[in-house]
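> give me a model of this one.
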Amino acid sequence: MKKAILSLFAMMVPLASAQSLLPANWDPALAGDIVMQRLVRVSAPQVKGAHDAEFVCVGERAYIVEHDNDVSPGHGAGVAMYCVLSVVNLKSLKVEKTHQLAKAGQSFAKITLPEAQVFVPRIIRKDEHTLRTYFCSQPAKEQAVTWYRDFDLRTQSFEDSIHKARLKTAAGTFDMEPRHFHSDAAAQGFKRPALNQGLYIFDSFKEIDGKRYIALNNFPGKQNALAVLHDDFATFEVIGHYNEPQSQQLSESAVNRLPDGTWMAIVRNDAGNYHFTTSRDGKTWTVAEPKPFVPNGLNSKPTFDKFGGVYYLGWQENTKIQNCNRSVFNVDISRDGKTWQRKYRFESPHSFQYPTLHEHEGTLWLTVSQSDHGGTTDRIMFGKLESVGEFESQKGQKRIEWPAPPPPAPAVMKRGVKLFTDRDYVIDEMPALVKDLPFHRTSIEKLDVTVTKSGTLFALTPTIRPTAASQEEAMQKAGFTKVDVPESQLFPGEINRMSLYRKAVKAGDRLHFKKLVLLVFADGVIVQ
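Numbering: from 1, shown residues only. Below you'll find the model as predicted:
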């Protein structure tokens, strides 16, 4: 009898473990469409570029932080970038007020921010009456600094002062600057060079066993770590770094703890698909590798949360809707972190990227970056994802029918025109000599063309400086000569200040360059 019961139990266990978390005939793409149709714009009307929002909900309001600019789509507007906090009524879904959090040159009590990019805001509820917001100020040639500023829920206003966040490593406690983050990793074998920019609070704060965990990231430095936020809400203590294999381009992770106590992080990879790494103690991590349940990821921010006892894994799929970058985002669910099923698939020619999910009084809310510019983000959207764990009825619902896309804008050297086929960058400025001329729009990573009609060919490449992708030497070998004009900030970033070159080319000439060369045509030259 006992053997029979054990045998029956053994048969039941696989059935239970294989039991679907989804209703029969569940359509994740339709579920995504239903959610997208009720999202509302949070970004102010004058905002041209917005990205990477975070939020908390208190009572009947959501408090959403984002970084914006009023110049151009995307988040590469340099010192024009600023951070705001928007207050949204959860019942009416109306923005009640937008508060300025910080901007370049802003004066606070005893402190004035430098003329620098203000970037990557984050927010957490500190106590009953206080929200703490964080942001990074990034001067071009000095150490970036992470600051915090408190918002009073009673007066619905910011305090006048800002304060430096702190970073605790094995070597001590310091101002939260990239050099200290890098030194801690280098002591453990990290080989990439130190940078003075790029240290950000990443992922969403997660409270586990009474502690507040967060991922830290240096995006250009490709550096990642798990950290814990101390009870002063000012000090971030590095627990463990996960940067292997350094042959990949790992950054921007999301982290959570699995039922058996193992930590797991999903990590963006600018060299390909997402990688996963695990740790028993949060200190020592495995060499990251791809996993079969994320087969075709794109280099973009992931999410990894847990609501109602179920894990929600969000990742960008390398599929384009109407040729829009970052236009497909999946949200998969699991109880064990091993077997995943698709609950949502967001497909949009307006992109769907950098979402954040938070639960409030039984409802899951989300923010997401979207765009009318082929993936170059220009607004933050907000709305209800679901009642936690529920599956909204799909009866009688239909997929969104997106209108046909407009024809692509001509590749002409004008401000605001998209530069590359595989990046969102647009022209910021250019040498007057090439203004209004046609250019060759192709991958940022490489260029391989054959001249089919003779003429004058101009070329832009970054001026030689540390970490810049300059092809000056290769261009000179190919017969290009430097034009005596000032550098141009083709698109934001010190490493993207360009020098101009020129060559008379004839039909049959072949040109091949690695990252980064942009060809501009004069005198009727044509390439293919």
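
> make it CA atoms for all contacts and neighbour counts henceforth
Will do.

> read off the pLDDT value for the residue nearest the centre of the chain.
The geometric centre of the chain, computed from its C-alpha atoms, lies nearest to residue 301 (CA atoms, centre = their mean), at 4.6 Å. pLDDT for residue 301: 98.

> how close does residue 73 sit to residue 425?
9 Å (CA to CA, to the nearest Å).

> identify the contacts common to those two.
The contact sets of residue 73 and residue 425 overlap at residue 376 (CA atoms under 8 Å, 6 or more residues apart in numbering).

> and these two? Which one has more around it.
A direct count of neighbours by other CA atoms under 10 Å for residue 73 and residue 425 places residue 73 higher, at 27 against 23.

> from residue 417, how far off is that one?
Distance from residue 73 to residue 417, by CA to CA: 10 Å.

> can you pull out the low-pLDDT segments for the chain?
Within the chain, the segments meeting pLDDT under 70 span 1-18, 408.

> in the stretch 101-250 of the chain, which spans are strands?
All strands of the stretch 101-250 of the chain, identified by DSSP state E, counting those that start in this stretch, fall at 107-108, 111-112, 117-127, 130-138, 145-152, 157-158, 163-164, 166-169, 172-175, 199-208, 211-218, 223-229, 235-241, 250-257.

> partner strands of the third one, parallel or antiparallel?
Paired with strand 117-127 in the same sheet, following DSSP bridges, are strand 130-138 (antiparallel).

> relative to strand 145-152, how tilted is the partner strand?
When axes from the mean of the first three to the mean of the last three CA atoms, to 10 degrees is applied, the directions of strand 130-138 and strand 145-152 differ by 150 degrees.

> so what touches strand 130-138?
83, 102, 104, 113-114, 116-126, 144-153, 197-200, 233.

> all helices of the stretch 301-450 of the chain, in order?
Using DSSP state H, counting those that start in this stretch, the stretch 301-450 of the chain contains no helices.

> distance to residue 366 and mean neighbour count added to the strands of the stretch 101-250 of the chain, as a markdown table?
Below are the strands of the stretch 101-250 of the chain laid out as a markdown table (distance: least, CA to CA, whole Å; neighbours: other CA atoms under 10 Å):
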| stretch | distance to residue 366 | mean neighbour count |
| --- | --- | --- |
| strand 107-108 | 31 | 14 |
| strand 111-112 | 33 | 14 |
| strand 117-127 | 14 | 23 |
| strand 130-138 | 18 | 23 |
| strand 145-152 | 21 | 21 |
| strand 157-158 | 23 | 16 |
| strand 163-164 | 29 | 17 |
| strand 166-169 | 29 | 21 |
| strand 172-175 | 32 | 14 |
| strand 199-208 | 12 | 21 |
| strand 211-218 | 18 | 22 |
| strand 223-229 | 23 | 25 |
| strand 235-241 | 25 | 22 |
| strand 250-257 | 16 | 27 |
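
> for residue 282, which of the ones you listed is the nearest?
The closest of the strands of the stretch 101-250 of the chain to residue 282 is strand 235-241. By CA to CA, the value is 5.7 Å.

> who does the closest one pair up with?
Strand 235-241 is paired, per DSSP bridges, with strand 166-169 (parallel), strand 223-229 (antiparallel).

> tabulate the ones you listed (TSV), appending distance to residue 412.
Output for these, formatted as TSV (distance: least, CA to CA, whole Å):
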stretch	distance to residue 412
strand 166-169	46
strand 223-229	37
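
> to residue 358, which of the ones you listed lies closest?
With CA to CA as the measure, strand 223-229 is the member of those nearest residue 358 (18.4 Å).

> quick one, that closest one and strand 211-218 angle?
Using the same axes, to 10 degrees, the direction of strand 223-229 lies 150 degrees away from that of strand 211-218.

> can I assume residue 475 sits in a strand?
No: counting by DSSP: H, G, I helix; E, B strand; the rest coil, residue 475 is not part of a strand but helix.

> show me the contacts for it.
Contacts for residue 475 (CA under 8 Å, 6+ apart) come out as 481, 513.

> for it, give its distance to residue 519.
With CA to CA as the criterion, residue 475 and residue 519 are 11 Å apart.

> again with residue 66
Relative to residue 519, residue 66 is positioned 35 Å away (CA to CA).

> who's more crowded, these two?
residue 66 (28 against 20).

> who touches the closest residue to that one other than its chain neighbours in this structure?
Of all residues not flanking residue 66 in the chain, residue 53 sits nearest, at 4.3 Å (CA to CA, 6 or more residues apart in numbering). By CA under 8 Å, 6+ apart, the residues touching residue 53 are 64-67, 121-122, 354-356, 367-369, 380.

> ok, now residue 55?
Contacts of residue 55 by CA under 8 Å, 6+ apart are 62, 63, 64, 65, 122, 123, 124, 356, 358, 367.

> quick one: contacts for the first one?
Which is residue 62. Residue 62 makes contact with 55, 56, 87, 88, 89, 90, according to CA under 8 Å, 6+ apart.

> quick check: it vs residue 91, distance?
Applying CA to CA, the value for residue 62 to residue 91 is 10 Å.

> would you map out the domains in this structure?
Following automatic domain parsing, one gets these domains for the chain: 26-387, 432-527.

> return the most buried member of these.
The highest average neighbour count among the domains of the chain, using mean count of other CA atoms under 10 Å, belongs to domain 26-387 at a mean of 20.

> run the chain-centre distance for that domain.
7 Å (CA atoms, centre = their mean, to the nearest Å).

> how long is that domain end to end?
Using CA to CA, one end of domain 26-387 lies 17 Å from the other.

> repeat for stretch 69-78
Terminal residues of stretch 69-78 lie 9 Å apart, using CA to CA.

> roughly how far does the nearest residue to residue 351 once chain neighbours are set aside sit from residue 126?
The shortest distance from residue 351 to any non-neighbouring residue, by CA to CA, 6+ apart, is to residue 327 (3.9 Å). From residue 327 across to residue 126, the span is 35 Å (CA to CA).

> could you dump the strands of the stretch 101-250 of the chain to CSV with distance to residue 348?
Output for the strands of the stretch 101-250 of the chain, formatted as CSV (distance: least, CA to CA, whole Å):
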stretch, distance to residue 348
strand 107-108, 40
strand 111-112, 41
strand 117-127, 24
strand 130-138, 29
strand 145-152, 34
strand 157-158, 36
strand 163-164, 39
strand 166-169, 39
strand 172-175, 41
strand 199-208, 23
strand 211-218, 28
strand 223-229, 30
strand 235-241, 35
strand 250-257, 23
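
> among these, which comes closest to residue 498?
strand 117-127 (19.9 Å).

> and the angle for the closest one with strand 199-208?
Using the same axes, to 10 degrees: strand 117-127 against strand 199-208 is 20 degrees.

> what lies in contact with strand 117-127?
52-56, 65-67, 77-83, 102-104, 131-139, 200-201, 205, 233.

> ok, 7 Å please
52, 54-56, 65-67, 78-83, 102-104, 131-139, 200, 233 (CA atoms under 7 Å, 6 or more residues apart in numbering).

> shouldn't residue 468 be within a strand?
No: judged by three-state DSSP, residue 468 forms no part of a strand; its state is coil.

> measure it to residue 462 for me?
Distance of residue 468 to residue 462, given as CA to CA: 6 Å.

> overlap of the contact sets of the two?
residue 495.

> can you verify my assumption that residue 507 contacts residue 455?
No: counting by CA atoms under 7 Å, residue 507 does not reach residue 455; the two are 8.7 Å apart.

> which one is residue 135 nearest to, not counting chain neighbours?
Nearest to residue 135 is residue 121, by CA to CA, 6+ apart, at 4.3 Å.

> quick one: that neighbour and residue 105, what's the gap?
From residue 121 over to residue 105 the distance is 17 Å, taken as CA to CA.
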